[in-house]
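Chemist: just the structure for this:
(one chain, ligands or ions: 1)
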Amino acid sequence: ATYTDPSQLPSKSYDYIIVGAGTAGNVIANRLTENPQSQVLVIEAGAARDGNPYLDMPLLAPELSPNTSYTWNYTTVPQPGLNSREIPYPRGRLVGGTSSINWLFWTRGSSDDFNRYASVTGDPGWSWLGLMPYMYKNEKLTPPADGHDTTGQINPALHGKNGPLDISVYGYARELDDKVMQTTKELSSEFPYNSDTNSGNPLGVGYLQSSIGGGTRSSSASAYLEPVLTRTNLDVLLQTTVTKVYQTGNNGDTPIFRGVQFAQSSSGPSYALNATKEVILSAGSINTPQILMLSGIGDANALQSLGIKPVLDLPDVGRNLSDHPLLSNIFAVNSNNTFDVIFEDSTVANADAAQWAENKTGLFVDALANQLGWFRLPKTSPIFQQAEDPTAGSKSPHYEIIIIDGWASIADPHPGTGHWMTLVTNLISPTSRGSVTLASTDPFASPVIDPGLLNSDFDIYTMKEAIKAAQRFSNGSAFNGFVESPFPPLANATDDASLEQYAREHTTTVWHPTGTTAMSACDADYGVVDPDLNVKGTMGLRIVDAGIFPYIPGAHPQAPLYMMAERAADLIKAGTQSCYWYDRLFWWLPHW
Ligand SMILES: Cc1cc2nc3c(=O)[nH]c(=O)nc-3n(C[C@H](O)[C@H](O)[C@H](O)COP(=O)(O)OP(=O)(O)OC[C@H]3O[C@@H](n4cnc5c(N)ncnc54)[C@H](O)[C@@H]3O)c2cc1C
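Modeler: This is a model prediction of the structure:
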C-alpha cells in the first residue's frame, strides 16, 4: 500500500528498505516483490505523479524542469570552465525520480563501456554480454505512434519484446528526416548511417530510440512501480526524506548498516526502522552520497570538520562526479514547420495538445529529436599528444550531435518568434571530474554540487571539435536553402579563440551526473561500492543508482542504469557477497 504519513505504516518488519522510488529504485522494488515472501518498503521524498499531462507528453518534457514542484531545485557552484556561471541542476523528486521528468532518450552506449566496467571491477557480469539478458528483460519494443514502417530504422532483433519499459522510434515525421538521411549518404565518411545505434556500436547517425510507448512517457513509475502497487508485500512511503542510515550490529569486524532514519521536515518528528536483510540506497548520484556523508560514511577528515562523527572512512564518497557538458548550436531556417510554432501560436499548441489527448498522435508524441549521432575524434588529433584517449575503446564516442527541428536551448531562452534548427553538441568523454559535498549537517539542505564542466584542456578541445563537426553537418547540400544562418553568437565564433569563448559562455549540461559512489574491484583501495554494489567495508547496505558507474557511460545514462539495476536486483535476491568470500580466501591462504 501507499502511505504519506510515517506514523501510519503498519507495524511489520521489512526484509528490504529501498531509499528512493526513482529510476533504479523502482526496478529493485518491482523485482524483489516478485517473491511473495519478501517484505519491501520504499521511502521516497517526493509525491506520486499527479496526473499533469505534461508528465506524459514527450515533447513537453523540458517544461518539467528546472524549478518546478517535480524536481530537487539544485544549482551548481560557479563553474570556472563556464566563465563562472552557475547552472541549474534538477533531479526528479516524485515517484519515478528523474525517469519521470527526463527527456526520454534511450541510448545504451558502446560494448566497450561495459567491458571496461567488467575489467575495472573484475566482474564479467558487468560486461556487454553479461548485461545482455538484462537489456532484453527491461525493454518492450513498441510500434511508433504513427504506425509507420520502421524497417531499417531500428533492428528489432536487438531489443526486448516483453519487458516492462516501452521503447520506440519517432511517431511523427519531420521535414528534417530526409535532409538528415541525405546527409548521411553525401557526407558518409564523417556522418555514416547506423541502422541501430543501440547495437553496442553507436557510432554514426541513426534514429533516436526513446522511452516512449503509444506516444506517452514510459518511466520507472509507469513501468515498474505503479503496476505492482497492489502487491501486499510492497509498501511505499511518500513525501518522506531519509536523513541517514545507521549501524545495527557487526559481523566479525565488519559493521552492519541496516537502519534507516527518516522525517518529513527538519522540524517534524524523526522515525527509524531496521531492515532484516538489506537497505538499498537508490536516491541518485547527488542524494545517495549526501545520505552517506550525513551518516558518517565518507572522507573522515572532511566529515570531522563539519562536526559529523565519522563511522567509516570512505574518501571517494561524492568524488569522481562526471557529467556531459551540452551546447545548443542554433541555426535560423527557412521553414514554417519547425516545432517553434507552438511557442508563437497558442491555437496551434492547443490543437496539438488536443490531438495528443484524443488519440496520442501528432507533434507531441516524440522526444525533442528524431535523429542523433555519435562520433570519435580522428586518431591523429593533436590533443592526443598531450592527453590519453579517455574513452573505453574504439566504439565509444567522444562527442554526440542531436538534430532538433526547432529551438532547444537551456542557456538561451526562446526568442518567441522565428524558425530554427538546433544541433546540440554533447561532450561524451569528459576528463574533468567534480564532486558532491555537504554544505551543512541539515539533511534538508542542498548539498554543494560541482560537476566541473569543461575543466580540462581535453574537454574544451573536444567541445570545439564537436561544434566544427556540427557546422560541417549543416553545410551538407540537403540544408541548402533551408539553413539561413547560424544564430549569433555561433555566427561570430569564427576562430579558435572565439569558438572557445562561445563554448564557455553557452555550454550547460545534459544532467548526467554519475560516478559519485563508484564501483571498484574487491581489493581496490578506491571506489565506494564493490562489484556486488555493497558499500565497501559494510554489510547490509547496497547502492543501486547512477552513482555506481565507474566511468560515465558514452550515452544518456538511463538505459545503462535500467539494465544494471535489473542485474542488481538478481544480485540482491541471491544475497551475493563475493568480496566477503574473496577477503576470507585471501586471509586464509597465508595462514594455511
Ligand atoms: C532534465 C533531465 C533530462 C534528462 N534526460 C535524459 C534522457 O533523455 N535520457 C537519459 O538516458 N537520461 C536523461 N537524464 C538522466 C537520467 O534520467 C538519470 O541519470 C537517471 O534517471 C537517474 O536515475 P537514478 O535512479 O540514479 O536517480 P533518480 O531517478 O533521480 O531517483 C532518485 C530518487 O530518490 C529520491 N530521493 C532522493 N533523496 C532522497 C532521500 N533523502 N530520501 C528519500 N528519497 C530520496 C528522489 O526524489 C528520486 O525519486 C536526464 C536528467 C535530467 C535531470
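
Chemist: look up phi and psi at residue 454.
Modeler: Backbone torsions of residue 454, given as degrees, to the nearest 10, read phi 50, psi 40.

Chemist: residue 264 now?
Modeler: According to degrees, to the nearest 10, residue 264 has phi -100, psi -10.

Chemist: what about the residue lying closest to it once chain neighbours are set aside, neighbour count?
Modeler: In space, and not counting its chain neighbours, residue 264 is closest to residue 240: 5.5 Å by CB to CB, 6 or more residues apart in numbering. For every residue, glycine as well, the C-beta is placed using N, CA and C. The local packing of residue 240 (other CB atoms under 10 Å) involves 22 other residues.

Chemist: so what pLDDT did residue 240 get?
Modeler: Listed pLDDT for residue 240 reads 98.

Chemist: so what's it up against?
Modeler: Neighbouring residues of residue 240 by CB atoms under 8 Å, 6 or more residues apart in numbering: 4, 6, 43, 44, 45, 262, 263, 264.

Chemist: as JSON lines, those residues with secondary structure, pLDDT and neighbour count would be great.
Modeler: As requested, these are arranged in JSON lines below (DSSP: H, G, I helix; E, B strand; the rest coil; pLDDT from 0 to 100; neighbours: other CB atoms under 10 Å):
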{"residue": "4", "secondary structure": "coil", "pLDDT": "98", "neighbour count": "13"}
{"residue": "6", "secondary structure": "helix", "pLDDT": "98", "neighbour count": "19"}
{"residue": "43", "secondary structure": "strand", "pLDDT": "98", "neighbour count": "27"}
{"residue": "44", "secondary structure": "coil", "pLDDT": "99", "neighbour count": "30"}
{"residue": "45", "secondary structure": "coil", "pLDDT": "98", "neighbour count": "22"}
{"residue": "262", "secondary structure": "strand", "pLDDT": "98", "neighbour count": "21"}
{"residue": "263", "secondary structure": "strand", "pLDDT": "98", "neighbour count": "18"}
{"residue": "264", "secondary structure": "coil", "pLDDT": "98", "neighbour count": "20"}
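
Chemist: out of the residues you listed, the closest to the ligand would be?
Modeler: Checking the contacts of residue 240 against the ligand with CB to the nearest ligand atom, the nearest one is residue 45 at 3.6 Å.

Chemist: excluding residues flanking it in the chain, which one is nearest the closest one?
Modeler: residue 241 (4.5 Å).

Chemist: rewinding a little: output the contacts of residue 240 in CSV; the columns should cover distance to residue 403.
Modeler: Converted to CSV, the contacts of residue 240 look like this (distance: CB to CB, whole Å):
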residue, distance to residue 403
4, 43
6, 47
43, 41
44, 36
45, 36
262, 44
263, 46
264, 45
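
Chemist: restrict the residues you listed to those near the ligand?
Modeler: 43, 44, 45 (CB under 6 Å from any ligand atom).

Chemist: distance check, the last one against residue 55.
Modeler: By that I understand residue 45. Using CB to CB, to the nearest Å, residue 45 is found at 17 Å from residue 55.

Chemist: and the ligand, is the helix or strand hosting residue 565 touching that?
Modeler: Taking DSSP states H and E as the criterion, residue 565 maps to helix 558-574. Yes. Using CB under 6 Å from any ligand atom, helix 558-574 comes into contact with the ligand via 558, 559, 561.

Chemist: most surrounded residue in the residues you listed?
Modeler: With neighbours taken as other CB under 10 Å, the top of the residues of helix 558-574 next to the ligand is residue 561, carrying 28 neighbours.

Chemist: doesn't residue 545 make contact with it?
Modeler: Yes. Using CB atoms under 8 Å, residue 561 makes contact with residue 545 at a distance of 7.3 Å.

Chemist: find residues that contact each of those two.
Modeler: 23, 24.

Chemist: give me the number of residues near the closest residue to residue 88 other than its chain neighbours?
Modeler: Using CB to CB, 6+ apart and skipping the chain neighbours, the partner closest in space to residue 88 is residue 66 (3.8 Å). Residues near residue 66, counting by other CB under 10 Å, number 19.

Chemist: residue 66 and the ligand: what is the separation?
Modeler: Residue 66 sits 8 Å away from the ligand, taking CB to the nearest ligand atom, to the nearest Å as the criterion.

Chemist: thought that residue was touching residue 91?
Modeler: No. Residue 66 is not in contact with residue 91 according to CB under 8 Å; the separation is 9.7 Å.

Chemist: show me what the helix holding residue 565 is packed against.
Modeler: Packing partners of helix 558-574 (3 or more CB pairs under 8 Å, 6 or more residues apart in numbering; DSSP states H and E): helix 23-32, helix 128-138.

Chemist: could those helices go into JSON lines alongside mean pLDDT, distance to residue 476 and mean neighbour count?
Modeler: Shown next, in JSON lines, are the helices and strands packed on helix 558-574 (pLDDT from 0 to 100; distance: least, CB to CB, whole Å; neighbours: other CB atoms under 10 Å):
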{"stretch": "helix 23-32", "mean pLDDT": "99", "distance to residue 476": "36", "mean neighbour count": "28"}
{"stretch": "helix 128-138", "mean pLDDT": "98", "distance to residue 476": "32", "mean neighbour count": "19"}
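
Chemist: closest one to the ligand among these?
Modeler: Closest among these, using CB to the nearest ligand atom: helix 23-32, at 3.3 Å.

Chemist: and the closest one with the ligand, contact?
Modeler: Yes. Against the ligand, helix 23-32 shows contacts by CB under 6 Å from any ligand atom at 23, 24, 25.

Chemist: which strands and helices sit next to that helix?
Modeler: For helix 23-32, the helices and strands in contact under the criterion 3+ CB pairs under 8 Å, 6+ apart are strand 14-19, strand 40-43, helix 220, helix 558-574.
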